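> With the input below, show me the fold.
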Amino acid sequence: MEYASKAVENGGTALGLKCRDGVVLAVEKPVLNKMLLPTSNRRIHSVDEAHGVAVTGFVADARQIVNRARDEAIGYEET
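Take a look at the predicted model:
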């Protein structure tokens, strides 16, 4: 329970807007390290050519979920 509470505390804001032409994903991006590039974004991932994910919380946990979503998308395409 404490792990989940800590993840919520560390999470930023994610916003998804649906419009006629597509979807816009936006995330709050705090710059924690001076060595990170300002143009890099580790919180918005593409699953495949038609799907994307915006994540908050721990980035390592999100990477595992995104990898699983990519595997599921590949399996769906194969069937």
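
> rest of the way, CA atoms for contacts and neighbours
Fine.

> can you confirm Gly12 is in a strand?
No: with the criterion set as DSSP: H, G, I helix; E, B strand; the rest coil, the secondary structure at Gly12 is coil rather than a strand.

> residue contacts, it?
Going by CA atoms under 8 Å, 6 or more residues apart in numbering, Gly12 touches 27-29, 56-57.

> and what of Val53?
Applying CA under 8 Å, 6+ apart, we find Val53 in contact with 25, 44-47, 66.

> So in terms of bridging, what pairs with it?
Taking DSSP bridges as the rule, Val53 bridges to His45.

> Tell me how far it lies from Ile44.
Here the criterion is CA to CA, to the nearest Å. By it, Val53 lies 6 Å from Ile44.

> same deal with Tyr3?
The separation that Tyr3 has from Ile44, given CA to CA, amounts to 22 Å.

> Could you do Thr79 as well?
27 Å.

> Spatially nearest residue to Val66 (excluding sequence neighbours)?
For Val66, the nearest residue in space outside its immediate sequence neighbours is Val47; the separation is 6.7 Å by CA to CA, 6 or more residues apart in numbering.

> so where does the one you found fall, helix or strand?
Under DSSP states H and E, the secondary-structure element containing Val47 is strand 44-48.

> List the buried residues for that strand?
Within strand 44-48, the residues that count as buried by 16 or more other CA atoms under 10 Å are 44-45, 47.

> Need the mean per-residue confidence for it.
The average of the pLDDT scores along strand 44-48 is 89.

> Next: stretch 62-77.
93.

> Give the buried residues for it.
Along stretch 62-77, these residues count as buried under the neighbour rule (16+ other CA under 10 Å): 62, 66, 69-70.

> which ones among those are found in helices?
The subset of those located in helices under the criterion DSSP state H comprises 62, 66, 69-70.

> measure Leu15 to Asp61 for me?
Leu15 is 19 Å from Asp61, by CA to CA.

> same deal with Met35?
22 Å.

> cool, and Asp71?
16 Å.

> could the buried residues of strand 44-48 go into CSV alongside distance to Asp21?
Compiled in CSV, these are given as follows (distance: CA to CA, whole Å):
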residue, distance to Asp21
Ile44, 19
His45, 19
Val47, 19
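
> Understood, closing this out.
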